[in-house]
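Undergrad: What follows is a protein structure lacking sequence information:
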């Protein structure tokens with residue numbers, strides 16, 4: 001009985017399917033001031049999919065530590081952090097299981113910036 005239940009559950013999960021990020025990506029650039037935040041909106045059009053954000057450049061201090069995150073967007077306002085992490089350089093990727101909605105990617109001073117940073121973030125989604 002347990003085996004049959006596990007098989008049914010596995011088939012149901014396969015039928016639902018989670019779309020993984022495709023080769024489609026968008027690069028967004030902006031400036032993060034000391035004790036500041038920069039954000040950019042984007043739209044995800046999927047029933048259930050994985051999206052990811054990656055800090056791909058920061059200058060003039062390429063190794064600066066910042067907070068990289070995702071929020072929901074409502075009426076043109078980025079609000080309600082849904083996931084975030086400390087990021088530096090271009091080695092970190094922030095994955096998130098998303099549904100169709102409007103989102104924002106943001107980069108914020110994590111308390112380590114001593115001058116403004118120009119940043120570029122890559123967002124990948126189906």
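TA: It's in. Fair warning: this is a prediction, and the values are worked out from it, not measured in the lab.
Undergrad: Tell me who's in contact with the residue nearest the centre of the chain.
TA: Using Cα atoms, centre = their mean, the residue of the chain that lies closest to the mean C-alpha position is residue 53, 3.6 Å off. Counting by Cβ atoms under 8 Å, 6 or more residues apart in numbering, residue 53 touches 68-70, 93-94, 96, 105, 121-124. All C-beta atoms are positioned from the backbone trio N, CA, C, and that covers glycine.
Undergrad: Likewise for residue 73?
TA: Applying Cβ under 8 Å, 6+ apart to residue 73 gives the contacts 41, 79, 101-104.
Undergrad: repeat that with 7 Å
TA: Counting by Cβ atoms under 7 Å, 6 or more residues apart in numbering, residue 73 touches 41, 102-104.
Undergrad: what do you get for residue 112?
TA: Per Cβ under 7 Å, 6+ apart, neighbours of residue 112: 64-65.
Undergrad: On the pLDDT front, check it for me.
TA: As predicted, residue 112 sits at a pLDDT of 92.
Undergrad: Mind checking what secondary structure it has?
TA: Secondary structure state of residue 112, per DSSP: H, G, I helix; E, B strand; the rest coil, is coil.
Undergrad: Drop anything exposed from the contacts of residue 73.
TA: 103-104 (16 or more other Cβ atoms under 10 Å).
Undergrad: Out of the contacts of residue 73, which is nearest to residue 58?
TA: When the contacts of residue 73 are ranked by distance to residue 58 (Cβ to Cβ), residue 104 comes first, at 18.4 Å.
Undergrad: now, which of the contacts of residue 73 sits nearest residue 48?
TA: residue 103 (14.4 Å).
Undergrad: For residue 80, which non-adjacent residue is closest in space?
TA: residue 72 (5.2 Å; Cβ to Cβ, 6 or more residues apart in numbering).
Undergrad: name the helices or strands packed onto the host helix or strand of residue 102?
TA: Taking DSSP states H and E as the criterion, residue 102 maps to strand 101-109. Contact here means 3 or more Cβ pairs under 7 Å, 6 or more residues apart in numbering; DSSP states H and E; on that basis strand 101-109 packs against strand 25-32, strand 37-44, strand 65-74, strand 117-124.
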